[in-house]
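S.K.: Got a predicted structure here, sequence first:
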Amino acid sequence: PKMWREAAEHHEALARRAQKHGFAATATEHYDHAIEAYRMAQHPIFYDDNPVKLRLCAKLNEMVDRRSECAAYPIERVEVPFDDGKTISCLLHLLPDRRRAPCIVYVPGMDQTKEVFPRAAHNIAIPRGFHVLAMDGPGQGNSNIQKIRAVGDAYERAGAAVLGYLQGRREIDSSKIAIYGISMGSYWSLRLASYDHRMAAVASGVACFNPNNTIFTQSSPRFKQMFMYMAGMEDEERFDAMAREMTVRGYLGKVACPTLLVTGEFDPLCPLEDAIEAFEELRVAKELWVLENQFHPLWKIPNLGGLDCHEYVLDWLGVALREPGIPRDHRRIAYLRQSGDGPF
């Protein structure tokens, strides 16, 4: 936390100076970095109401608001009503002209929050014609501060509430809302797609389809420590009982929209057998991308010419959301060579 805080303060100082002199684009980029660094600074503090965590979260929120003053397009805070008077906190990144257009709901991973995607200085959704709503689901970001726990079907219900909100926004084409989940969000996005059928497509990447398989039993104990905090649990046996139910097995046959799965060939959080099993269970138009020799993070990888997976996933979602869409009987597996031939 100390090192990330110091990095955040450096970028904050540079951003404020650029903003003061009217250099909005430079300020936006520095605020992007300050946001990421404050986000990472608060992340590994696993205690409710910790004063350092609360102070860092307050700085994160301040940087988000300052960035909105400089960004080249509208960024709105959205609070979607949820259980017991609480809210699901979201950031809505709108196209500059606010035209009616498709929207992507970004479901962050366990180590992410709504601030992580997209970056305002390089919002890859804008040239592709998408609005983006990024959410703090149960256990994440501001939901964590509100003690909205990542247990049971809480994420599915939170996602359904967010979809309901978007359907009431005039800027959103409610027939073209897609879900994009990353890492633990790959699990949550698929469970959400099995629970609520209002989305038009789902992309599930940086795979962790069955958290009950390896992440809490064979990987770094940090994952379990983090998720126990997100779930509000201190009893490890009680947590283990809940974690055993965290799987997409038996749910994917209920998904009703075109689905993309993206995984590294040797992802320790999603054995390739899990990805293939998930792909086979789907009963909709579907694709599976396996990135040769890659592990969990799919950022700046040679298979995609040094790009992140985000750009290519959004391209696929663009195909899925525009007419005529993807045929119902579509079934494709792409093996993306490390030499960089891409998924198409």
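M.R.: That came in fine, so what should we check first?
S.K.: separation between the closest residue to residue 218 other than its chain neighbours and residue 208?
M.R.: Leaving aside its sequence neighbours, residue 218 sits nearest to residue 268 (C-beta to C-beta, 6 or more residues apart in numbering; 7.3 Å). Quick note: C-beta positions are derived from backbone N, CA and C, even for glycine. According to C-beta to C-beta, to the nearest Å, residue 268 stands 10 Å off from residue 208.
S.K.: And residue 107, by the same measure?
M.R.: Counting by C-beta to C-beta - residue 107 and residue 208 are separated by 12 Å.
S.K.: same deal with residue 50?
M.R.: From residue 50 over to residue 208 (counting by C-beta to C-beta), the distance is 27 Å.
S.K.: Comparing the two, which residue is more hemmed in?
M.R.: Under the neighbour definition other C-beta atoms under 10 Å, residue 50 and residue 208 were set side by side, and residue 208 has more, 31 against 13.
S.K.: For the more buried one, which residues are in contact?
M.R.: Taking C-beta atoms under 8 Å, 6 or more residues apart in numbering as the criterion, residue 208 is in contact with 109, 183-184, 186-187, 215, 269-270, 296.
S.K.: again, but for residue 133
M.R.: Neighbours of residue 133 in contact, by C-beta under 8 Å, 6+ apart: 78, 90-93, 103-106, 162, 166.
S.K.: next one: residue 206
M.R.: The contact partners of residue 206, by C-beta under 8 Å, 6+ apart, come to 109, 182-183, 186, 262-264, 267, 296-298, 309.
S.K.: Repeat the analysis, applying 7 Å as the threshold.
M.R.: By C-beta atoms under 7 Å, 6 or more residues apart in numbering, the residues touching residue 206 are 109, 182-183, 186, 296-298, 309.
S.K.: Out of the residues you listed, which end up buried?
M.R.: Members of those that pass the buried threshold by neighbour count (16 or more other C-beta atoms under 10 Å) are listed as 109, 182-183, 186, 296, 298, 309.
S.K.: Including pLDDT, secondary structure and distance to residue 197, could the residues you listed go into JSON lines?
M.R.: What follows is the buried ones among the contacts of residue 206, written out as JSON lines (pLDDT from 0 to 100; DSSP: H, G, I helix; E, B strand; the rest coil; distance: C-beta to C-beta, whole Å):
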{"residue": "109", "pLDDT": "95", "secondary structure": "coil", "distance to residue 197": "24"}
{"residue": "182", "pLDDT": "97", "secondary structure": "strand", "distance to residue 197": "22"}
{"residue": "183", "pLDDT": "95", "secondary structure": "coil", "distance to residue 197": "24"}
{"residue": "186", "pLDDT": "96", "secondary structure": "helix", "distance to residue 197": "19"}
{"residue": "296", "pLDDT": "94", "secondary structure": "coil", "distance to residue 197": "29"}
{"residue": "298", "pLDDT": "96", "secondary structure": "coil", "distance to residue 197": "27"}
{"residue": "309", "pLDDT": "96", "secondary structure": "helix", "distance to residue 197": "25"}
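S.K.: Return the closest of the residues you listed with respect to residue 143.
M.R.: The shortest separation between residue 143 and any of these is 14.0 Å, and it belongs to residue 109 (by C-beta to C-beta).
S.K.: Looks like that closest one contacts residue 180 (just checking).
M.R.: No: checked against C-beta atoms under 7 Å, the pair residue 109 and residue 180 is beyond contact range at 11.4 Å.
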